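Chemist: my questions concern the predicted model and sequence given below.
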Amino acid sequence: MTGLRFFASPRFWRGALPALSLTFVLLGVFWLQPRAMSYFGLNLLFNLAIPIALATIAQMFVIAVNDLDLSIGSFVSLVACIGATWLQETPLLGIAALLGCIAVYACLGALIYIRQLPSIVVTLGMSFVWSGCAVLLLPTPGGSAPDWIRTLVTYKPPYVPMPLIAAAALALIVHFALMRTSWGVLMRGVGGNEKAITRAGWSVLKLKMTMYALTAVFGILAGLTLVGLATSADANIALRYTLLSIAGVILGGGEFVGGRISPIGAVLGAMTLTLTASFLSFLRISPDWQIGAQGAVLIIVLALRAVVNRMEARR
Amino acid sequence: MTPIGAFMRQHPWSWSFLAAFLTWAATAAYISGTGGLALASTALSFSTFFVMVGIGQMFVITLGPGNVDLSIPSTITLSAVVSMMVMGGSDAMILTGFLAAIAVGLLVGLFNYGLIRVLSIPPIIATMSSSFLIQSSAIALGRGVKIKPPETLEWISTAKVAGVPILSLCVIALAVVMAVVLNRTVYGRSVTAFGQNTRAARLAGVPIERIRYLTYSLSAVMAAVCGVFLAGFSGGSSLNMGEEYLLASIAVVVIGGSSIAGGNSNVPGVFGAALFLFLLVAMLNTFGAAAGLRLILTGLIIVGVVTFAGGRRESR
Amino acid sequence: MTTETAGPLISLDGIQKVFGAVQALSGVDLKIHAGECLGLVGHNGAGKSTLMNILAGTLEASDGNLAVAGDELGKGYSVQDAGRLGIRCVFQELSLCPNLSVAENTRIIHPVLKGFGWQKRAGALIMEQLDLVFPGHGISPNDIVGDLTISKRQMVEIARAFTVTDTNIRLVILDEPTSSLDARVADQLLDYVGRVTRQGISVVLISHLLGEILQVSNKISVMKDGRVVAFKDAADFDRVSLVEAMGSTVVAGAAPRRDQNATTSAGEERIHMRPAGQPDDQSIRAREGEVIGFAGLAGQGQTQALLSIFEGHGVLPSGAQASGCCFIAGDRQVDGVLPLWSIRKNIGVSSLKRLRSGVLIQNEREQELADAWKERIGIRAPDVEAPILSLSGGNQQKVLFARALGSAADIVLMDDPMRGVDVGTKNEVYAIIRQEASQGRTFLWYTTEMEELDYCDRVYVFRDGVVSETLSGGDITEENLLQASFKQVSGAA
């Protein structure tokens, strides 16, 4: 494929959409508020994007195998609660609980695969379970994040703000693991054509369990980052993440089925969603419309993608 | 097997009633005296709202895998806000307010369907995207204005005749009507065929697109009507009033014995499941269990029900 | 050539396969020697693909023995075993992951492609093979398979089957490999097959294109109705004798079954359609009371033509006024049966509007309809409330006939509806079709079975999505049909 033809190809546009959307919103913010174009401005803009980006990556692992996790929001909340209580007071118990969560997720993956259950309902049920655990652990908002987490998330490196470094690192590491390693190929293959993977002699069960376990790992990272930023937790702290994470994956160029996902896109998508919220405040539009603007961005991007896909169908 | 056992196997909805009855009996025995009747009456009141949205969600889920309406909670909120504003606390405007709520429902349904059709995206993504917009509209409209519902509406929503809430009588009537719609009308049959095998249904002459549109509209209108009564019941609209209905609307369908894979649904189960969900909470409260525990139990019951009811049918 | 004994590489002995009530394979014996290209031909449903699936380990034989290089392989022979023994298969439905790149798809079948630089190695491996098989293919290892054209996808899949890392390949099965390749690329493949067999690798080639088979095979095996009916050196066959071997050997009761009256009393024209891309002026026409056949090899666009008529293309106002079309599916489970319903509801679904009084469907009326058709078409079930899945395949098919014929539609579209239906049922249904036609219904009937065309007033033979020949009356003979079916694409000439 020659260079020029590549830039006109639907594949290029599909891949570039997330970056373009982020750039577009970011330019809007800078135009309205030039002061945001600084170390502290960027830090402020993107601080809260990191836990969302981590949750989005978590959701992406499940979407990659054609499932959906409706419990990620409550799971992240639970992790935040564990982080603000056990992990602070009795670190060993906290770590054991988090490892237990990973095991539960892996078992869910196995259950869903073996019994061919609809992931939506199973994870919906699990969202009650996670919320229940969180409420038991922390009936009223409170607790406090361990100092080491606080130090980590508030670290201010020279020149480039921490959130940008973290986002880049997250995107690149997951991109490498999933898109570049021989192991990631199998993971994505399950979403693309489960039968082909089985025919080639691999265990789809193990692959699905791994993907679910990875969802838990990134859910945990999201929860801990969030509690570090918020310093305290409550059982409902991240409920919004369920829908935001799905939106982030889709916005980032991921397809709902078929294993077509993009880790870099997902991180960009999460950042776009966070930024859209701030964009409105710079426009002096009431924060009431924040969620609406996120929805509108999502719909616009999906519409653009529909146009690209139709363009492709015509070729 | 006893005749009862055979009946229960043939009618998956009966399990939810049995479960509801057992939880009620356990609680009633614990509190003793007339408390049991009062509990039953309260359960009827509160389950009303679950049933309303549950029926709409059930029709959507009947359409088959991937069909779930995630915009129900935001539609409840928006319709509550709009209807309260239109009614403005005056009895004379109740009907107009209701019409406004229904208009909201119809618009939401059209919008959801439009997204599914025009963008060719999965319904789950479409209804999720639109829920963002709807929720925002509700927040923007309803921020800071807490309008009390008209007295008559409040009365309808809360009054009881001989301990039986009037609203729950209406909802029982609604459930009967919807059961007839599901089983005896061309529309209901078409929905059920759609969910069993969309391709086969289309080739058998079922107008697929029209059915999809009607179903998403029905779900949104049910949510909108629920919003009005919920506002009447709780003394006005609030911005997070719809929140718990996302999970609850799906949960009552699944616990009620409808197949999550589509094509096999029943209305009575939604009712039984709604009663059960409320009574379970009541029971655990009575026994002094923490709020967390009842959430965990609810969740485990949902997971247990789908695990034992089995999953997607073999595609061939 | 290897130093192994001169015995056959693969030896199949009495292989049987039963799907539910359908006997797909009834005792197949086959031997494949190292370095041999075996051509496998036969009509659709003859059991070729089933046999190859058993050989590839994706299906388990119900009975019979399978031996590779003299080693008897018992029960539980799996895909992994096949891989270890060096047996690869290119399935008709592609087994590539569309979301992965060409190199990544190569990695999936080669567990050793891992660690540092695996992408380069996988890319080089598949590129080398592609260059070898399809010089000038224009595929890059980083192309996403889903973005490639169908023919390039097929090239990737074929080349992938010939790639070697840690285990040598001994047998490659190619199931209709050229179905979406153009003539030049197909030639490249056939040329390559010739070369690899000379290197000692065996190839099984399944194809509907007899020229291909005759060109590259050493041996040819002809299958029909789940058994091998001829197995000879390729040199002993020519096109004509192959067609003969494939054809129906028994022409039961050669009496004409078409109703002579129907053609003379031709009613109003209801359908006039030209398939997209039809190169000449042939077009599909159907009148009131006619039974029209769609023939040709499987998958040449007949179903698409029926579907487009179902959507209203080419249906003339006279047909549209007459309550539209109904469709009888051949692939019952995918296109026809509503699996959770009873026989009654399955029959009633196409007539719902007529079964109402007011807004409610009258179950009694539906039951009357279902009972009447159960009687007339002979559905063998205790009563119409029985679940449809409790019926045998043939009876399920009768329910689909009852659904369509019980509706008000005047145009009945049939998509090879007799697949896997027993002879008795067929004859009952044929009689009803003629009877319904004489009462003014129009039938469009895609069939892969020669004898069913005897019931048709006119037959359109399809090839590559368009009508290649129109036969009517006495011209509808097996020879004419096979000639038209295997006719090379005339568009280029």
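Modeler: It's in.
Chemist: tell me which residues of stretch A:226-237 are tucked away?
Modeler: Buried residues in stretch A:226-237, defined by neighbour count with 16 or more other CB atoms under 10 Å in any protein chain shown: A:Leu226, A:Val227, A:Gly228, A:Leu229, A:Ala230, A:Ala233, A:Asp234, A:Ala235, A:Ile237. Where you see a C-beta, it was placed from the backbone N, CA and C, and this is true even at glycine.
Chemist: and if you look at stretch A:136-147?
Modeler: For stretch A:136-147, a neighbour-count test (16+ other CB under 10 Å) marks A:Leu136, A:Leu137, A:Leu138, A:Gly143, A:Ala145, A:Pro146 as buried.
Chemist: from chain C, how far off is the second one?
Modeler: Translated: A:Leu137. Relative to chain C, A:Leu137 is positioned 39 Å away (CB to the nearest CB, to the nearest Å).
Chemist: for C:Gly491, give me the pLDDT.
Modeler: Predicted confidence (pLDDT) for C:Gly491: 40.
Chemist: actually C:Phe237, sorry about that
Modeler: What the model reports as pLDDT for C:Phe237 is 86.
Chemist: again with the one 4 residues further on
Modeler: The predicted local distance difference test score for C:Ser241 is 82.
Chemist: is any part of stretch C:391-401 close to chain B?
Modeler: No: using CB under 8 Å from any CB of the partner chain, stretch C:391-401 never reaches chain B; the gap is at least 8.8 Å.
Chemist: which stretches of the chain have low pLDDT?
Modeler: As the question left the chain open, I've gone with chain A. Low-confidence segments of chain A, defined by pLDDT under 70: A:1-8, A:314-315.
Chemist: could you do chain C instead?
Modeler: Within chain C, the segments meeting pLDDT under 70 span C:1-6, C:20-22, C:44-45, C:93, C:247-266, C:318-323, C:419-423, C:486-493.
Chemist: who in it is up against chain A?
Modeler: So chain C meets chain A at C:58, C:79-80, C:83, C:95-100, C:104, C:107-109, C:111, C:113-115, C:118-119, C:140, C:143-144, C:146-147 (CB under 8 Å from any CB).
Chemist: in chain B, which helix is the longest?
Modeler: Secondary structure of chain B per DSSP state H: the longest helix is helix B:35-62.
Chemist: angle of the next helix or strand after it against helix B:35-62?
Modeler: Downstream of helix B:35-62, the next assigned helix or strand under DSSP states H and E is helix B:72-87. On the basis of axes from the mean of the first three to the mean of the last three CA atoms, to 10 degrees, helix B:72-87 is oriented at 110 degrees to helix B:35-62.
Chemist: other SSEs contacting helix B:72-87?
Modeler: In terms of contacts (3 or more CB pairs under 8 Å, 6 or more residues apart in numbering or on different chains; DSSP states H and E), helix B:72-87 is packed against helix B:35-62, helix B:94-118, helix B:123-142, helix B:208-233, helix B:245-255.
Chemist: surely C:Val222 is in a helix?
Modeler: No: with DSSP: H, G, I helix; E, B strand; the rest coil as the criterion, C:Val222 is assigned strand and is not in a helix.
Chemist: which residues does it bridge with?
Modeler: Applying DSSP bridges to C:Val222 gives these bridge partners: C:Val41, C:Ala230.
Chemist: show me which residues of stretch C:241-248 are buried.
Modeler: Within stretch C:241-248, the residues that qualify as buried by neighbour count (16+ other CB under 10 Å) are C:Leu242, C:Val243, C:Glu244, C:Ala245, C:Met246.
Chemist: what's the nearest residue to B:Val108 if we skip its chain neighbours?
Modeler: Take B:Val108 and drop its neighbours on the chain: the residue closest to it by CB to CB, 6 or more residues apart in numbering or on different chains is B:Ala220, 4.0 Å away.
Chemist: do B:Thr158 as well
Modeler: Nearest non-adjacent residue to B:Thr158 (CB to CB, 6+ apart): B:Phe233, at 6.1 Å.
Chemist: and for the residue of chain A found nearest chain C, the neighbour number?
Modeler: Residue nearest to chain C within chain A (CB to the nearest CB): A:Gly192, separated by 3.3 Å. By other CB atoms under 10 Å in any protein chain shown, 27 other residues sit near A:Gly192.
Chemist: go through the buried residues of stretch C:241-248 and flag which are in helices.
Modeler: Per DSSP H, the buried residues of stretch C:241-248 map to helices at C:Leu242, C:Val243, C:Glu244, C:Ala245, C:Met246.
Chemist: in what helix or strand does the most centrally placed residue in chain A lie?
Modeler: Residue closest to the mean C-alpha point of chain A, counted by CA atoms, centre = their mean, is A:Thr56 at 0.9 Å. Element membership of A:Thr56 [criterion: DSSP H and E] is helix A:49-64.
Chemist: got it, and A:Ile237?
Modeler: Counting by DSSP H and E, there is no helix or strand that carries A:Ile237.
Chemist: how close does it get to A:Phe61?
Modeler: When distance is defined by CB to CB, to the nearest Å, A:Ile237 is 22 Å away from A:Phe61.
Chemist: got the residue ranges for the strands in the stretch 351-493 of chain C?
Modeler: Ranges of strands in the stretch 351-493 of chain C, per DSSP state E, counting those that start in this stretch, are C:356-357, C:360-361, C:411-415, C:442-446, C:458-463, C:466-472.
Chemist: may I see those strands arranged in a markdown table, with mean neighbour count as well?
Modeler: Output for the strands of the stretch 351-493 of chain C, formatted as a markdown table (neighbours: other CB atoms under 10 Å in any protein chain shown):
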| stretch | mean neighbour count |
| --- | --- |
| strand C:356-357 | 12 |
| strand C:360-361 | 18 |
| strand C:411-415 | 25 |
| strand C:442-446 | 25 |
| strand C:458-463 | 24 |
| strand C:466-472 | 20 |
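Chemist: could you dump the ones you listed to a markdown table with distance to chain B?
Modeler: Formatted as a markdown table, the strands of the stretch 351-493 of chain C follow (distance: least, CB to the nearest CB, whole Å):
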| stretch | distance to chain B |
| --- | --- |
| strand C:356-357 | 7 |
| strand C:360-361 | 5 |
| strand C:411-415 | 9 |
| strand C:442-446 | 14 |
| strand C:458-463 | 20 |
| strand C:466-472 | 23 |
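Chemist: point out the one among those strands that comes closest to A:Gly252.
Modeler: Ranking these by proximity to A:Gly252 (CB to CB) places strand C:411-415 first, at 41.3 Å.
Chemist: for that closest one, packing partners?
Modeler: The contact analysis (3+ CB pairs under 8 Å, 6+ apart) places strand C:411-415 against helix C:302-310, strand C:325-328, strand C:442-446.
Chemist: nearest to C:Leu338, of those?
Modeler: C:Leu338 lies closest, by CB to CB, to one member of those: strand C:325-328, at 13.6 Å.
Chemist: which is the next helix or strand following that closest one?
Modeler: Taking DSSP H and E, what comes next after strand C:325-328 is helix C:343-348.
Chemist: so what touches that next one?
Modeler: With contact meaning CB atoms under 8 Å, 6 or more residues apart in numbering or on different chains, helix C:343-348 is reached by B:189, C:337-338, C:355, C:361, C:363, C:366-367, C:369-370, C:373-374, C:379, C:381, C:384-388, C:391, C:399-400, C:402-403, C:406.
Chemist: please indicate which of the residues you listed are buried?
Modeler: For these, a burial check counting by 16+ other CB under 10 Å picks out B:189, C:337-338, C:355, C:361, C:366-367, C:369-370, C:373-374, C:379, C:381, C:384, C:388, C:391, C:399-400, C:402-403, C:406.
Chemist: in helices, which of those fall?
Modeler: Mapping the buried ones among the contacts of helix C:343-348 onto helices (DSSP H) picks out B:Arg189, C:Glu366, C:Gln367, C:Leu369, C:Ala370, C:Trp373, C:Lys374, C:Val399, C:Leu400, C:Ala402, C:Arg403, C:Gly406.
Chemist: picking up where we left off before, filter the residues of chain C next to chain A down to the buried ones.
Modeler: Of the residues of chain C next to chain A, these count as buried by 16+ other CB under 10 Å: C:58, C:79, C:83, C:95-100, C:104, C:107-109, C:113-114, C:118-119, C:143-144, C:146-147.
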